[in-house]
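Chemist: okay, sequence plus prediction incoming.
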Amino acid sequence: MEERYTFDVIGVVHSCYREKFGIPRQPGLVSAATATLELLTPYNRVEAVKGLEGFSHIWVSFIFHAVESGKWSPMVRPPRLGGNEKVGVFASRSTHRPNPLGLSVVELAGIEANEKGVILHLIGADLLEGTPVIDIKPYIPYVDSLPDAIGGFATSVPGRRLEVIFSEQADETLVSYEESCPQLRRLISESLAYDPRPAYRVNDEGGFRGGVHFYEFDVRFEIIRDVLRVTEIVPEA
Ligand code: SAM
């Protein structure tokens, strides 16, 4: 039986995360990560979100639009298992899946709904700028929260965190943007503490250098052992 379904994109995410690298691997880990979800015509109607303001969290169904389409394999190497061990793709949250669909539960911090359209304010999203959204549902604690559920190989929040420190230059830049982007310092510290390195580079003795894009900032860093030092923060021109 060959069945095909097509879905409309109902909204788009505008996120502090401007590239895949450096985004937390699950939602709810970084409270300084803010995003908006803009509903698109014809779904951006005030009536479509009536009642949603009573919920603190929502499920966001989205498309992993920034992965190469059609590229999936039945087994993947989750970072949680150190990048060496394989599990089935359906036992993972990998972005490389037969259908590139993602599902995140995020905090709903507010709703702007008027004749101009609908914008949902989100906290803690693990979503890339421009992520297309195909559905939104309220998170219902009495069904969706299962404290006795068993978490397979991902039983708790990753315990190991990096210490994040800032160079003098990085610190000065943060101070100069304290008014216009007050959450930037916390966003960098909280996000990068989860160790953005690919699992196979985590034990690199020679250190690791990299960069991420948060908002309009190019954030450069180096990691030596358990310390991540932000070397430079460059506002994009
Ligand atoms: N919570 C979701 C889920 O379980 O379906 C996503 C989990 S997935 C492991 C999280 C990673 O997806 C992030 O670290 C980021 O690198 C990547 N990501 C987020 N938005 C994306 C997008 N629109 N396209 C491709 N990758 C994306």
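Modeler: Alright, I've got the coordinates.

Chemist: what's the closest non-adjacent residue to Gln183?
Modeler: Ala32 (4.6 Å; Cβ to Cβ, 6 or more residues apart in numbering). Every residue, glycine included, has its C-beta placed from N, CA and C.

Chemist: next, count neighbours for the one you found.
Modeler: Ala32 has 18 neighbours, counted by other Cβ atoms under 10 Å.

Chemist: and for Leu40?
Modeler: 15.

Chemist: ignoring the adjacent residues along the chain, who's closest to it?
Modeler: Nearest one to Leu40, counting by Cβ to Cβ, 6+ apart, is Gly11 at 5.7 Å.

Chemist: make sure the one you found is actually in contact with Ala35.
Modeler: No: using Cβ atoms under 8 Å, Gly11 makes no contact with Ala35, being 11.2 Å away.

Chemist: around the ligand, pick out the residues from the chain.
Modeler: Contacts of the chain with the ligand, taken as Cβ under 6 Å from any ligand atom, map to 20, 23-27, 64-67, 93, 95, 102-104, 126-128, 131.

Chemist: in PyMOL, select just the buried ones from the residues you listed.
Modeler: Applying 16 or more other Cβ atoms under 10 Å to these leaves a buried subset, and the PyMOL line that selects it is:
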select buried, resi 23+24+25+26+27+64+67+93+95+102+104+126+127+128+131
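
Chemist: show me the residues of the chain next to the ligand that map onto strands.
Modeler: Among the residues of the chain next to the ligand, the residues falling in strands (DSSP state E) are Gly102, Leu103, Ser104.

Chemist: from Ile233, how far off is Glu216?
Modeler: Distance, Glu216 to Ile233, using Cβ to Cβ, to the nearest Å: 11 Å.

Chemist: same question for Trp72.
Modeler: 36 Å.

Chemist: with Glu205 instead?
Modeler: 27 Å.

Chemist: which of those two has more neighbours?
Modeler: Each of Glu205 and Ile233 has its neighbours counted (other Cβ under 10 Å); Ile233 has more, 25 against 6.

Chemist: do I have it right that the more buried one meets Leu174?
Modeler: Yes: Ile233 lies in contact with Leu174 (Cβ under 8 Å); the separation is 6.7 Å.

Chemist: overlap in contacts of the two?
Modeler: Applying Cβ atoms under 8 Å, 6 or more residues apart in numbering, one finds that no residue jointly contacts Ile233 and Leu174.

Chemist: still on that earlier bit, give me the pLDDT for the residue nearest to Leu40.
Modeler: Per-residue pLDDT puts Gly11 at 98.

Chemist: for Arg220, give me phi and psi.
Modeler: Main-chain dihedrals, Arg220, degrees, to the nearest 10: phi -100, psi 140.

Chemist: give me the beta-bridge partners of it?
Modeler: Gly211, Glu232 (DSSP bridges).

Chemist: that one: neighbour count?
Modeler: 18.

Chemist: residue ranges of the strands in the chain, please?
Modeler: Taking DSSP E to define them, one finds strands in the chain at 11-15, 34-39, 57-63, 75-76, 87-88, 101-114, 117-123, 132-138, 163-166, 208-214, 217-224, 227-235.

Chemist: the ones you listed: which one's closest to Leu187?
Modeler: Of all those, the one in closest proximity to Leu187, counting by Cβ to Cβ, is strand 208-214 (5.7 Å).
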